[in-house]
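In: could you work out the structure for the sequence below:
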Amino acid sequence: MIFILIAAAAIINIILGVLALVKGRNRLNLSFSIISFLLAAWNICVVFWNGYNMPVFSRINFLFVTFVPPAALFFVKCLFEGENTSVMDGMLKVYMTLAISGMVFTISTFFSKTLFDIYMLYQVRFAIFMYECLTLLGAFGALIYRYMHIKFKQEKIKIRYVIMAFFIIFLGGMLDFMGGLKMHNLEYMGNISNVAYAAIIFFAIFRLRLLDAGVIFKNFLAYTLVAVVLGSVYAALALALNDKPIAMTAAMLIVSLPSVYFLKYLHGYAELFVRKISGVPATDGARAAFNIIKSTQAGEGEKVRRILMLIRDFCEMDTAIYSAAGAYYLLAWETENSGFARVMDAQDCPEKIVIRYEAKSGKEKELLDKFGASIIAPLKYGSQAAGILAGRKQTSDISFNQDEIELISDMCETAAFYIKAHNLNQRVIEEENMKRVAMMARQMAHEIKNPLAALWGAAQLLEGKSAADIENTGIIREEITRLTAMLDSWKDFSGELKLNPSEFNIVKLAADVVKLIKFQGIVADIVLNAHQENITVSADADKIKQVLLNIILNAAQASGEGPSPSIKIDAAQKNGFAEIKVRDNGRGIVPEVMEKIRQPLFTTKPRGSGLGLAVSDRILKAHGGSMIIQSDGNSYTEVTVALSTADAAL
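Out: Next comes the predicted model:
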């Protein structure tokens with residue numbers, strides 16, 4: 001009976017190893033499968049050694065057992081991949097050296113009786129016991145130490161069960177060695193503890209998603225039920241119709257045909273049974289929550305945020321959604337403290353989900369590294385890409401199973417639809433607001449401009465009798481001019497924007513703007529670096545000149561507040577876009593201001609109109625370009641203007 005139990009433990013360990021490999025191709029799953037196969041080999045060797053009285057399996061057993069300590073340490077190292085594992089790296093080298101030495105020595109005993117006699121000495125057996133005990137204690141200690149520094153609760157619970165299972169099998173294995181040294185009369189404690197180890201690991205698999213065994217187990221159970229039922233029926237038919245082979249064949253055929261139809265019901269019963277013993281699978285629970293999100297009456301933006309939070313909780317990873325904006329991806333939604341960059345250079349959106357451990361091409365790996373993500377997924381609605389979802393695993397287990405990938409894909413497709421709808425609603429709101437602004441601008445021009453013209457004429461006729469009168473008259477004229485310019489800005493912002501596109505060299509245009517600003521007596525040191533001398537775009541040159549003039553003037557005013565004001569302008573061509581970066585060394589823009597800086601009439605300047613950036617942003621959007629504003633809120637602000645090059649526009 002005991003050997004049947006040990007053989008069952010071997011089968012369970014093989015199943016655990018296969019499940020680990022099926023779940024995902026990564027170092028963690030590989031290390032776990034190695035341990036499982038080594039434990040299965042240990043069980044099998046014990047069955048042949050003691051169950052069938054074949055002593056040669058004693059030495060074969062040692063060949064496998066000697067690699068258990070380095071395999072255990074390798075598993076611990078992979079469990080905490082990404083952290084500082086230099087000490088474990090050194091320990092692993094020592095363990096592998098000892099294991100290979102033991103393997104060579106054991107193999108040599110098959111060819112040398114002298115070495116075999118040495119191998120059978122009590123002192124050698126005791127040395128083997130100490131090697132296994134001390135090295136496994138080292139791996140176990142490393143696991144405990146790392147466990148104490150785990151941040152995430154769910155990960156800590158998983159590792160707790162791993163520690164419990166490993167402790168039981170370690171204790172049983174040491175008792176087995178001690179029994180071999182005649183220290184006690186308990187037999188097969190290691191193999192018996194292996195059963196408890198497997199039970200704990202299976203519990204962790206089904207309850208805590210340590211490995212996803214649901215799909216395999218359900219199919220295995222369903223087909224096993226079919227095999228048992230059909231086998232029993234076939235056996236009964238064979239006994240009943242033993243002397244009538246034709247009738248027996250016909251009866252078996254008749255029984256086989258309906259069994260194919262009823263197979264789907266057996267699958268359903270198997271799934272119900274798995275749920276009873278393991279609870280609702282994580283994927284099913286997440287899909288149910290996803291369906292609830294889709295059925296709520298919340299706005300599209302709120303639904304996108306909820307989907308993002310669901311992915312975070314379901315996959316235990318920080319997540320963010322980037323929307324495409326010309327030459328860049330801009331962070332639009334993110335989970336709390338996700339740590340993702342706010343702006344990313346645009347690259348081709350991937351056609352499918354890309355997982356770090358499955359990335360094959362250099363382009364896929366580069367994109368993952370750029371986002372600092374474990375997984376990236378395209379957000380596509382129809383044939384158009386609305387953006388990219390990036391996820392970074394919070395845990396050391398960075399793998400995904402097929403059910404998870406399918407659910408994430410469905411979530412991304414739905415999120416892309418909501419993003420498109422959200423953006424469309426935002427454009428409708430902006431257009432409605434623009435109509436109101438245009439109406440107000442016309443009223444302002446009618447009601448204010450005529451009185452301003454009268455005031456200007458009256459100020460021209462005033463003759464100052466003193467220096468103070470002359471100064472006051474100058475102030476009146478200056479303020480009238482400023483108010484008139486503000487009304488003109490309102491007209492530009494709210495009226496119909498007409499473009500007269502033509503091809504021109506944007507690098508030369510930027511150089512002309514720099515010269516113009518320098519003529520105005522700007523004290524800042526302005527440096528223009530052109531990575532290409534000629535970058536041709538097709539746009540309205542006057543409007544783009546207005547944009548660059550406004551941005552560089554803002555940079556000059558911001559840097560002028562420091563001791564050594566300077567502005568650095570970079571012109572480059574990248575990914576089909578002409579890119580002009582304007583960076584100053586001013587005080588920067590704090591996050592509270594950054595959120596409002598594109599809004600019309602919002603300004604932090606004492607005499608600003610609050611329309612410069614709003615107008616510039618509108619002009620660039622009309623050209624299909626983008627304006628990216630970045631700042632640390634302390635020492636710099638960088639504004640990037642991106643326009644499609646003439647070649648890319650064709």
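
In: any idea how this structure splits into domains?
Out: 2-212, 216-278, 286-420, 498-649 (automatic domain parsing).

In: and Asn433, which of those domains is closest to it?
Out: Nearest of the domains of the chain to Asn433, taken as Cβ to Cβ: domain 498-649 at 8.8 Å. The C-beta positions use only the backbone N, C-alpha and C, and glycine is treated the same way.

In: using the three-state scheme, assign the most centrally placed residue in the chain.
Out: The residue lying closest to the centre of the chain (Cα atoms, centre = their mean) is Gly391, at 1.6 Å. Per DSSP: H, G, I helix; E, B strand; the rest coil, the local secondary structure of Gly391 is strand.

In: contacts only, for it.
Out: 311, 315, 317-320, 373-377 (Cβ atoms under 8 Å, 6 or more residues apart in numbering).

In: filter the residues you listed down to just the ones in helices.
Out: Residues of the contacts of Gly391 located in helices (DSSP state H): 311, 315.

In: so which of the contacts of Gly391 sit within strands?
Out: Residues of the contacts of Gly391 located in strands (DSSP state E): 317-320, 375-377.

In: save the residues you listed as JSON lines, and put in neighbour count, pLDDT and distance to Leu367 too.
Out: Below are the ones in strands among the contacts of Gly391 laid out as JSON lines (neighbours: other Cβ atoms under 10 Å; pLDDT from 0 to 100; distance: Cβ to Cβ, whole Å):
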{"residue": "Met317", "neighbour count": "21", "pLDDT": "86", "distance to Leu367": "17"}
{"residue": "Asp318", "neighbour count": "23", "pLDDT": "89", "distance to Leu367": "17"}
{"residue": "Thr319", "neighbour count": "26", "pLDDT": "92", "distance to Leu367": "16"}
{"residue": "Ala320", "neighbour count": "26", "pLDDT": "92", "distance to Leu367": "14"}
{"residue": "Ile375", "neighbour count": "27", "pLDDT": "90", "distance to Leu367": "11"}
{"residue": "Ile376", "neighbour count": "22", "pLDDT": "91", "distance to Leu367": "6"}
{"residue": "Ala377", "neighbour count": "28", "pLDDT": "91", "distance to Leu367": "11"}
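
In: show me which of those is closest to Glu430.
Out: Out of the ones in strands among the contacts of Gly391, the member with the shortest distance to Glu430 (by Cβ to Cβ) is Ala320, at 24.4 Å.

In: local confidence estimate at the closest residue to Thr296 other than its chain neighbours?
Out: Distances taken as Cβ to Cβ, 6 or more residues apart in numbering put Lys303 closest to Thr296, at 7.0 Å, once the chain neighbours are dropped. Per-residue pLDDT puts Lys303 at 92.

In: what are the boundaries of the strands in the stretch 201-350 of the chain?
Out: 317-325, 328-334, 343-345 (DSSP state E, counting those that start in this stretch).

In: who are the packing partners of whichever helix or strand comes after the shortest one?
Out: By that I understand strand 343-345. Reading on from strand 343-345 to the C-terminus, the next helix or strand found by DSSP states H and E is strand 354-355. Here strand 354-355 touches helix 362-371, strand 375-381, going by 3 or more Cβ pairs under 8 Å, 6 or more residues apart in numbering; DSSP states H and E.

In: can you redo these as JSON lines with distance to Arg27?
Out: Converted to JSON lines, these look like this (distance: least, Cβ to Cβ, whole Å):
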{"stretch": "helix 362-371", "distance to Arg27": "16"}
{"stretch": "strand 375-381", "distance to Arg27": "17"}
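
In: so Met512 makes contact with Lys545?
Out: I think there's a mix-up here, since residue 512 is Asp and not Met. Yes: between Asp512 and Lys545 there is a contact at 7.5 Å, judged by Cβ atoms under 8 Å.

In: more neighbours: which of the two?
Out: The neighbour count for Asp512 versus Lys545, taken as other Cβ atoms under 10 Å, is higher for Lys545 (17 against 14).

In: can you pull the contacts of the more buried one?
Out: Contacts of Lys545 by Cβ under 8 Å, 6+ apart are 509, 512-513.

In: do Val233 as well
Out: Val233 neighbours (Cβ under 8 Å, 6+ apart): Val255.

In: change it to 10 Å
Out: When contacts are counted by Cβ atoms under 10 Å, 6 or more residues apart in numbering, Val233 touches 251-252, 255-256, 259.

In: ok, the contacts of Gly391 vs Leu549, which is closest?
Out: Distances from Leu549 to the contacts of Gly391, taken by Cβ to Cβ, are shortest for Ala320, at 34.5 Å.

In: in the sheet, who's paired with that closest one?
Out: In this entry, Ala320 is beta-bridged to Glu334, Ala390, by DSSP bridges.

In: distance of it from Gly391?
Out: Distance, Ala320 to Gly391, by Cβ to Cβ, to the nearest Å: 8 Å.

In: which stretches of the stretch 501-650 of the chain form strands?
Out: Under DSSP E, counting those that start in this stretch, the stretch 501-650 of the chain gives strands at 502-505, 525-530, 536-539, 566-574, 577-584, 626-631, 637-644.

In: list the buried ones in whatever helix or strand Ile4 lives in?
Out: Element membership for Ile4 (DSSP H and E) is helix 2-23. Within helix 2-23, the residues that qualify as buried are 3, 6-7, 9-10, 12-17, 19-20, 22-23, counting by 16 or more other Cβ atoms under 10 Å.

In: out of these, which one has the lowest pLDDT?
Out: Lowest confidence among the buried residues of helix 2-23: Lys23, with 61.

In: does Gly612 touch Ala555 like I think?
Out: No: at 11.8 Å, Gly612 does not count as touching Ala555 under the criterion of Cβ atoms under 10 Å.

In: of the two, which one has the most company?
Out: Using other Cβ under 10 Å, the more surrounded residue of Gly612 and Ala555 is Ala555, with 28 against 20.

In: need the pLDDT of the more buried one.
Out: 87.

In: also Asn219?
Out: pLDDT for Asn219: 49.

In: tell me how many other residues crowd the residue nearest to Leu483 when sequence neighbours are not counted.
Out: Once flanking residues are discounted, Leu483 sits nearest to Leu452: 5.8 Å by Cβ to Cβ, 6+ apart. Neighbourhood size, Leu452 [other Cβ under 10 Å]: 16.

In: name the helix or strand for Leu452, please.
Out: helix 402-461.

In: now do that helix against strand 317-325, angle only.
Out: Helix 402-461 runs at 50 degrees relative to strand 317-325, counting by axes from the mean of the first three to the mean of the last three Cα atoms, to 10 degrees.

In: quick revisit: Provide a list of residues in contact with the residue nearest to Thr296.
Out: Counted by Cβ under 10 Å, 6+ apart, Lys303 has contacts 293-294, 296-297, 414-415, 417-419, 421-422.

In: between Ala320 and Gly391, what contacts are shared?
Out: 308, 312, 335, 338, 340, 371, 373.

In: isn't the third one right next to Phe314, touching?
Out: No: using Cβ under 10 Å, Thr335 makes no contact with Phe314, being 11.9 Å away.

In: separation between Ala341 and Tyr322?
Out: With Cβ to Cβ as the criterion, Ala341 and Tyr322 are 9 Å apart.

In: again but with Ala642, I slipped
Out: 15 Å.

In: just Thr106 next, same as before
Out: Taking Cβ to Cβ, one finds Thr106 at 56 Å from Tyr322.
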